[in-house]
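Colleague: Sequence and predicted structure are below.
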Amino acid sequence: MTDLTFLPDRTALEAAGLGVRYRRGGWALRACSFRLPAGRVCALVGPNGAGKSTLLALAAGLLRPTEGRLRVLGGEAGDPGVRPRVAYLGQDRPLYPDFTVAETLRLGRELNPGHWDQAAAERLVHGGNLSLHARVGSLSGGQRTRVALALAFGKRPELLLLDEPMSDLDPLVRHETTAALMAEAAENATTVLMASHVLAELDAVCDYLLLVSDGRVRLAGEIEDLISAHRLVMGRYEDAGTPREFAAHTIVEARTTGRQLTALIRPDGPVRGHWEIAEPSLEELLLAHLRAPGAPALLTPSAEPRTPLDASPKAAA
Amino acid sequence: MTTTTTSSSLAPPRDRDRDRGRGPRGLAWLVLRQHRAAVWTFGVALLVLLSALGTLYLSITDYVADHGLADVCTAGWACAPDGTIGAFSDELADPVHYIGRVVECLPVLFGMFVAGPLIARELHSGTYKLAWTQSVSPLRWLAAKLAVPATAVLAGFSLLSAAYTSVWRAQPLPVIPGQWWWRSFPMIGVVPVAHALLALALGAVAGLLLKRTVPAMGAVLVAYPVIAGLLESLRGGLVGPVTELSAEMPGLIRGSDDWVTGRGMIGQGGGRMPEPDCGIGVDPADCLAQHHARGWYVDYHPASHLWPLQWAEAGLSLALAALLAGGAVWLVRRQWP
């Protein structure tokens, strides 16, 4: 879908050695390096507590990294020049409960002088049969999400950061909203980074993937390329350990059920032996990586950061 | 996946002027809208106080004219005809003094409002993210959170303090010991305005540090009186007092014009002994001999020191306020991008 809007040279997000430490110790993110090219619709996937929300908040300029840096649309995250170009939908959908819907949209207009699209914002609100005069505090969770999305859309952002955008929408509305989102994104060449648990939802709309777990980037790149870099290998196997013919390849995960071995590998050359070989689905790819935290990270060439960490003025200081 | 159920267009960004009337814009609009109830409360309270002061002013000038207090009392203390002073105190001077107490207490209320509802509640509930992700940097957000209430303070407290000062002046002050200039000092002139700005900056720091509404308000409620007490203890020394030497022990009360800030003995070598302990019932002359002192000194501020002292204390308060506001900026810069 995004082939028309894919801008291979421009970078929406670039992390180099990015780390965020909690105030009470422990790292929410550690040593994260990746790149998200502009124009992509990227799924941000990972278990609960993996650091997805932290990463989105960093990109939105709500958090300061403890180490490393995150460049957003060519500037540092949170720079005054970057803020107007980035929109963010937080997981908790912060809104003023005593504002009406119309006043909430006015907030967007007042704070984004010159680049606010009232029509786009109202379209999203009207799609949900919401009265502009309703108090935000009286709305349901799904309706609040709609208003929050309208605020994000009204900014006409170049980068749209969505934290669990569809979690409290019913399936029909979810479908409609996803479609509206993708249409807006496609028309404006918006880069979207969307954290979600609903894999099916992501599979349909995303062309880029960022898998984060335990605060680290595990997979990053075009979904197609990531899938074609892996093979699901199945067959009869009765010995202990992993088959010798896998030694040439990177084994992400190997499981034996009875005499049946199922392995997800990154083949390096042809796979020898009597194995049934298939391309994994996105879900199989993700689950295998989540079950095997020790598997090495894989970044496709477009997801490799282009500026080395040393070039960062902050790291040098 | 490109199917759309909602039509979207490439309409250029535009502002609808429907509810864009006159009035504040941008962040100022947001801050005022967010605290609409508080704005109304402060506005109504200000109007009530101002109209009460207006009424009192008229009643006082009438009373003073009717009972000839203005002329009689130039002579000084306890000079008025019987009963008129008592009646004046009960009916007019006491209400003026109570309003003065309110003026004195308003800064701490204002600081609590800034600490709690204005800043901590937003940080606690997460609504600050709304502004910060709508193109407003944390520093600009803080600037608005300080500038809007500061404007309100400058306008509201200046008006209130000016009104109170005129009412206070209209009274026959020499006969109301409780309202001599140094006793009404924090209620009159520029000091209330400076105190309110100080409380505002203190509130901002408390809100940013504690990030919870009630603890932040509580912190201001505790910390502001401490700072106000400190300012009060420094007050007498902000401008050099006038010193008077005498052989006889001077009194601590010198009438309505002079504020005595210190008394003691002058030793043989010329050194000062502030309020030496002579024991109860000892004759001052014996006391002098006991301490081998030459005589007594008394430090006081004459009435002409009112305005120098006012400006000095206002300046000190503003310097503290600026320091705290700088602290608030530092707290924001340290924590957020």
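Modeller: Structure received.
Colleague: What parts of the stretch 51-200 of chain B come near chain A?
Modeller: Contact residues, the stretch 51-200 of chain B versus chain A (CB under 8 Å from any CB of the partner chain): B:125-137, B:140. (Glycine included, C-beta is placed from N, CA and C.)
Colleague: List the ones among these that fall in helices.
Modeller: Mapping these onto helices (DSSP state H) picks out B:Ser125, B:Tyr128, B:Lys129, B:Leu130, B:Ala131, B:Trp132, B:Arg140.
Colleague: Now render these as CSV, adding neighbour count and pLDDT.
Modeller: Below are those laid out as CSV (neighbours: other CB atoms under 10 Å in any protein chain shown; pLDDT from 0 to 100):
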residue, neighbour count, pLDDT
B:Ser125, 16, 94
B:Tyr128, 22, 95
B:Lys129, 21, 94
B:Leu130, 25, 93
B:Ala131, 23, 93
B:Trp132, 24, 94
B:Arg140, 17, 94
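Colleague: Now flag whichever of these is closest to A:Ala292.
Modeller: Distance to A:Ala292, by CB to CB, is smallest for B:Lys129 among those, at 35.0 Å.
Colleague: For whichever residue of the stretch 201-337 of chain B sits closest to chain A, give me its contacts.
Modeller: Of all residues in the stretch 201-337 of chain B, B:Pro337 sits closest to chain A, at 3.0 Å by CB to the nearest CB. Residues near B:Pro337 by CB atoms under 8 Å, 6 or more residues apart in numbering or on different chains: A:Gly61, A:Leu62, A:Leu63, A:Arg64, A:Glu76, A:Ala77, A:Gly78, B:Pro138.
Colleague: Most neighbours among those, which one?
Modeller: Among the contacts of B:Pro337, the one with the most neighbours (other CB atoms under 10 Å in any protein chain shown) is A:Gly61, at 27 neighbours.
Colleague: Give the full set of residues in contact with the residue lying closest to that residue once chain neighbours are set aside.
Modeller: Counting by CB to CB, 6 or more residues apart in numbering or on different chains, A:Gly61 lies nearest to A:Gly78, which is 3.0 Å off, once chain neighbours are set aside. A:Gly78 makes contact with A:Gly61, A:Leu62, A:Arg64, A:Val72, B:Ser137, B:Trp336, B:Pro337, according to CB under 8 Å, 6+ apart.
Colleague: same thing but 10 Å
Modeller: A:58-65, A:70, A:72, A:86, B:132, B:137-138, B:336-337 (CB atoms under 10 Å, 6 or more residues apart in numbering or on different chains).
Colleague: what do you get for A:Leu44?
Modeller: Applying CB under 10 Å, 6+ apart, the residues contacting A:Leu44 are A:36, A:50-53, A:55-56, A:161-164, A:192-196, A:202, A:206, A:208-212.
Colleague: Quickly list what it is bridged to.
Modeller: A:Ala195, A:Leu210 (DSSP bridges).
Colleague: Also B:Asp299?
Modeller: Beta-bridge pairing for B:Asp299 (DSSP bridges): B:Thr243, B:Gly262.
Colleague: all helices of the chain, in order?
Modeller: Chain wasn't specified; assuming chain A. A:52-59, A:101-111, A:118-127, A:141-154, A:171-188, A:199-205, A:223-228, A:282-291, A:313-316.
Colleague: That was the other one, I meant chain B.
Modeller: Using DSSP H, the helices of chain B run over B:26-34, B:36-66, B:69-72, B:84-88, B:94-113, B:121-125, B:128-132, B:138-170, B:191-210, B:213-235, B:284-290, B:306-335.
Colleague: Where does the prediction get shaky in the stretch 101-250 of chain A?
Modeller: Applying pLDDT under 70 to the stretch 101-250 of chain A flags no residue at all.
Colleague: Would you mind identifying the helix or strand in chain B with the lowest mean pLDDT?
Modeller: Lowest by mean pLDDT, DSSP states H and E among the helices and strands of chain B is helix B:69-72, with a mean of 68.
Colleague: for the spatially closest residue to B:Ala170 that is not a sequence neighbour, what are its contacts?
Modeller: Distance criterion CB to CB, 6+ apart; nearest residue to B:Ala170, sequence neighbours excluded, is B:Ile60 at 4.7 Å. Residues near B:Ile60 by CB under 10 Å, 6+ apart: B:69, B:88, B:91-93, B:95-96, B:166-172.
Colleague: Tell me the buried residues within the residues you listed.
Modeller: Buried residues within these, counting neighbours by 16 or more other CB atoms under 10 Å in any protein chain shown: B:Leu69, B:Phe88, B:Leu92, B:Ala93, B:Pro95, B:Val96, B:Val167, B:Trp168, B:Ala170, B:Gln171, B:Pro172.
Colleague: Just give me the neighbour total for B:Val44.
Modeller: B:Val44 has 10 nearby residues by other CB under 10 Å.
Colleague: Tally up the residues packed near B:Leu173, please.
Modeller: 18.
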